[in-house]
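[1] Here is my input; please provide its structure:
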Amino acid sequence: QAQVTESGGGLVQTGGSLRLSCQASGVSFSAYAMGWVRQAPGKEREFVATEAWNGDKYYADFVKGRFTIARDVGAESMTLQMNSLEPEDTAVYYCVAGPSTAKIRAGQANFSGQGTLVTVSS
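    This is a model prediction of the structure:
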C-alpha cells in the first residue's frame, strides 16, 4: 500500500529551527512530485513547498527563504528544513505526493501522510 509518513515535529521557540522528514513506501514515488502542506488551527490547509522529480522547487511566499525542501529520490525520502520559525508557523505539517508540482500547489495531491505537529512558542 502506497503511503507517506512524516516525522520531526515538535515544540520550538520563536527563531528556532526544526527539520521535518518524510518517508515514502509501498510504491516508487520517483516520478511523482512531493511536497509539504500545513494546516493551522481553524484555518484551511495551505501549500508550503514542493519539489518535482527533476529537482524543480517551489515555495509559498510566506516561506521567505526560511524553509528548504530536499528530496532523495533514490531513498524515496524528503526533508523540510525550517529556520527562523515564527508563531504563525504553528500547524500540522503534512507530507504529500502527486503527479506534478502544480497539483500539489493547487491542493490536489494524491497521497498525504497523517501529519506532524509543529508548535512555535512566542
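[2] Now do the buried residues in stretch 32-50.
    Applying a neighbour-count criterion of 16 or more other CB atoms under 10 Å, one finds 32-38, 45, 47-50 buried in stretch 32-50. (Glycine included, C-beta is placed from N, CA and C.)
[3] Mark which of the residues you listed are part of helices, please.
    Using DSSP state H, no member of these falls in helices.
[4] Export those as TSV, with columns for pLDDT and distance to residue 18.
    Formatted as TSV, the buried residues of stretch 32-50 follow (pLDDT from 0 to 100; distance: CB to CB, whole Å):
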residue	pLDDT	distance to residue 18
32	92	24
33	95	23
34	95	18
35	97	17
36	98	12
37	98	16
38	98	12
45	97	19
47	98	18
48	98	13
49	98	14
50	97	19
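[5] what ranges do the strands span in the chain?
    Taking DSSP state E to define them, one finds strands in the chain at 3-7, 10-13, 18-25, 33-39, 46-51, 57-59, 67-72, 77-82, 91-98, 111-112, 116-121.
[6] I'd like these laid out as JSON lines, including distance to residue 105.
    Putting the strands of the chain into JSON lines (distance: least, CB to CB, whole Å) gives the following:
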{"stretch": "strand 3-7", "distance to residue 105": "17"}
{"stretch": "strand 10-13", "distance to residue 105": "26"}
{"stretch": "strand 18-25", "distance to residue 105": "17"}
{"stretch": "strand 33-39", "distance to residue 105": "8"}
{"stretch": "strand 46-51", "distance to residue 105": "5"}
{"stretch": "strand 57-59", "distance to residue 105": "6"}
{"stretch": "strand 67-72", "distance to residue 105": "13"}
{"stretch": "strand 77-82", "distance to residue 105": "15"}
{"stretch": "strand 91-98", "distance to residue 105": "9"}
{"stretch": "strand 111-112", "distance to residue 105": "14"}
{"stretch": "strand 116-121", "distance to residue 105": "20"}
